[in-house]
Every structure is written in C-alpha cells, then in structure tokens.
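Visitor: I need the structure of the sequence given here:
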Amino acid sequence: MKPIICLFALFAISFTAYAQERNKEKCIICDSLLKENKHFDAYKCYKEIKAGIDNKDSLYNYVTFYYIIALTELENEARMKEDFLTSLKYGLEALKLTQDNKQYFFDEKFSAREQWMLKNIIVSNFGLGRIEEAIKYKYILYKGYKEGKLPNGIDEYFNFDFFRIDKKNIWGYEWYPELPDNRFSGSFTKIVYYVYSTNEDGTDNEQLYRYHVLMYHHDSKDSKFDYLLERQQEIDNTTVSGSYYQFTYKKDIDYAKLKQDVTKIIKNEMSPDTKRVIYNKK
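Guide: Reported below is the predicted structural model:
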C-alpha cells in the first residue's frame with residue numbers, strides 16, 4: 001500500500017510543479033500584454049490564471065497584484081472617456097479584489113490603492129448621476145480623513161467629478177473640512193471645479209479658470225444660503241475673481257444643481273456679477 005501512496009504523492013508533486021511552470025509561462029505572456037498597454041487582454045490573462053491557482057501558491061500575490069493593475073488601467077481609460085458605466089464596473093471589481101486580498105499584502109502602497117479606488121468609484125457614480133450612491137462612498141473617505149488614514153494625494157481633498165464640455169476638461173474637487181460656524185472667520189472654500197483646455201489626445205493643457213463654492217459671509221442664521229459660486233482666473237501676475245449671486249447653495253450642497261450651474265455658465269460663457277483684481281506678490 002505504501003508504494004502506491006508514495007507513487008500518488010510523487011505524481012501530485014510532479015503535476016503541481018508542471019502546473020506552476022505553465023502558470024509562470026502564462027504570466028510572462030500577461031506581463032508582455034500589460035507592457036504593450038493591451039490592458040483588456042492582460043486583464044483577461046491574469047484573471048484566468050488567478051481562477052486556477054490557490055492562495056498558497058507562490059504566484060498568487062504576483063498574479064493578484066498585476067490583475068489589479070490591469071483593472072485599474074481599464075477603469076481609468078473608461079473614466080477619462082466618460083464611459084462611467086464601464087469604469088464603475090472595473091472600479092468595483094478592483095475594489096473587491098483589493099479588499100479580499102488585504103491579508104496577503106503588507107505594502108502601504110497596496111493598502112493606499114483601496115482609498116484611490118473609492119475616489120474613482122465616486123467619480124463614476126457622479127458621472128452616472130447616482131449622487132446618493134456616490135455620497136455613500138464619500139462618507140468612507142471622510143471617515144478615513146478623520147482617522148488620519150488617507151494616503152497622500154487625497155488626504156486633504158479629493159476629485160469627485162469629471163466631465164467635458166466643448167473640448168474642455170472639468171474636474172470637481174472637494175475639501176474635507178466642514179463649513180465653520182463663524183461665517184466671518186475667514187475665507188472658506190468647500191468645492192472647486194477646475195476648467196482646463198485640452199491637448200489633441202484629450203489630456204489637460206492649460207487651466208483656464210476655476211469655480212469656487214465659497215462661504216458667504218453673514219451673521220444671520222436665517223440666511224437663505226451658505227455658499228455662493230465664484231470664478232477665479234490667473235491673468236499675468238493677478239487673480240481676477242467675481243461672484244455669481246444667482247448661483248447659491250445651502251450647507252448641504254445640492255450636487256446635481258451645482259453641476260448644472262457650472263455647466264450652464266461654461267456653455268453660455270456667463271460672466272460673474274462682480275469683479276475683483278488681486279495683484280499677486282512675485
């Protein structure tokens with residue numbers, strides 16, 4: 001009986017070694033696809049390998065990591081094309097894969113990926129008009145901010161929206177600090193929409209102007225609004241700014257209305273109601 005058991009064990013070891021060699025060969029193919037920016041083919045390649053290996057396999061971490069990398073590239077490509085349904089699909093898959101494999105990775109950079117994925121999922125949901133769903137993920141980032149656990153780049157503010165109008169890229173950013181009770185304590189901005197001209201490939205070229213959701217200074221709790229929209233633009237050595245008094249917001253900002261207002265201003269090239277010029281120090 002023992003010889004049979006030994007033979008079976010030897011066969012199992014040989015089969016496992018053969019399978020691992022085959023997977024190594026497949027990894028080389030996947031890696032080549034990724035380097036050639038064939039992200040979808042690389043994604044399918046890594047996904048196929050991962051489906052057939054155990055988490056105790058020495059290749060598991062490697063395959064999982066680059067599977068996530070391929071997913072992240074696909075998510076980013078779709079998001080920049082404003083194909084938010086596709087970017088959301090890849091973003092959610094990447095998030096789940098990351099969360100399910102935290103125990104196998106101890107690298108801080110890997111851990112930080114989860115927070116960046118949450119940010120991207122927020123952008124996709126905003127792009128689809130799913131504001132309430134986006135806010136659910138936004139609360140997770142706020143929790144991380146309060147606990148001091150966010151990585152550099154999204155530890156003070158985060159990108160929550162992106163869209164294009166007439167060859168212009170519009171990026172929405174939100175800051176974590178909340179509206180102060182003392183409305184005369186100083187200047188306070190909660191959200192900024194940055195507007196960029198674009199290069200031929202659609203990437204950002206030059207910042208044209210930015211729209212601030214700026215705290216309105218008042219001393220009455222009965223004020224009808226807490227923020228108003230202001231445009232700021234750098235011209236030579238000056239900052240030219242002005243307020244739009246028809247575009248105002250309460251403390252709990254209506255994101256859908258804000259986006260509609262910014263879109264309306266850009267499309268109709270609306271000028272602010274006021275104008276201020278600040279000469280910047282060199």
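Visitor: contacts and neighbour counts: CA atoms only from here.
Guide: Will do.
Visitor: and residue 112, how many neighbours?
Guide: Other residues near residue 112 come to 15 when the count uses other C-alpha atoms under 10 Å.
Visitor: and if you look at the one 5 residues further on?
Guide: Taking other C-alpha under 10 Å as the neighbour definition, residue 117 ends up with a count of 22.
Visitor: who touches the residue nearest in space to the middle of the chain in this structure?
Guide: In the chain, the residue lying closest to the centroid (C-alpha atoms, centre = their mean) is residue 120, at 2.7 Å. Residues counted as contacts of residue 120 (C-alpha atoms under 8 Å, 6 or more residues apart in numbering) are 91, 160.
Visitor: Any idea how many residues pack against the closest residue to residue 255 other than its chain neighbours?
Guide: Nearest residue to residue 255, sequence neighbours excluded (C-alpha to C-alpha, 6 or more residues apart in numbering): residue 131, at 7.4 Å. Number of residues near residue 131 (other C-alpha under 10 Å) recorded here: 17.
Visitor: Using the three-state scheme, assign the residue nearest to the centre of the chain.
Guide: Each residue gets one of three states, and residue 120 gets helix by DSSP: H, G, I helix; E, B strand; the rest coil.
Visitor: Pick out the least confidently modelled helix or strand of this structure, by mean pLDDT.
Guide: Here the helix or strand of the chain ranked lowest by mean pLDDT, DSSP states H and E is helix 2-35, holding a mean of 65.
Visitor: For the helix or strand following that helix, what does the pLDDT average out to?
Guide: Using DSSP states H and E, the helix or strand that follows helix 2-35 towards the C-terminus is helix 39-51. If you average the pLDDT over helix 39-51, you get 95.
Visitor: and what of stretch 243-260?
Guide: Computed over stretch 243-260, the average pLDDT equals 96.
Visitor: next one: stretch 168-187
Guide: 89.
Visitor: Now do it: everything it contacts.
Guide: With contacts defined as C-alpha under 8 Å, 6+ apart, stretch 168-187 is touched by 142, 145, 156-164, 188-198, 203-204, 214-219, 251.
Visitor: can I have that stretch written out in CSV, keeping just the CAs?
Guide: Output of stretch 168-187 as CSV, limited to C-alpha atoms (Å, rounded to 0.1, in the frame of the first residue of the first chain):
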residue,chain,number,x,y,z
LYS,A,168,-12.6,71.5,-22.0
ASN,A,169,-11.9,69.2,-19.1
ILE,A,170,-13.8,70.0,-15.9
TRP,A,171,-12.6,68.5,-12.7
GLY,A,172,-14.6,68.7,-9.4
TYR,A,173,-12.6,68.6,-6.1
GLU,A,174,-14.0,68.6,-2.6
TRP,A,175,-12.2,69.6,0.7
TYR,A,176,-12.9,67.6,3.9
PRO,A,177,-13.1,70.5,6.5
GLU,A,178,-16.7,71.5,7.2
LEU,A,179,-18.3,74.9,7.0
PRO,A,180,-17.3,76.9,10.1
ASP,A,181,-20.0,78.3,12.4
ASN,A,182,-18.4,81.7,12.4
ARG,A,183,-19.0,83.0,8.9
PHE,A,184,-16.6,85.9,9.4
SER,A,185,-13.7,83.7,10.5
GLY,A,186,-12.0,83.9,7.1
SER,A,187,-12.3,82.7,3.5
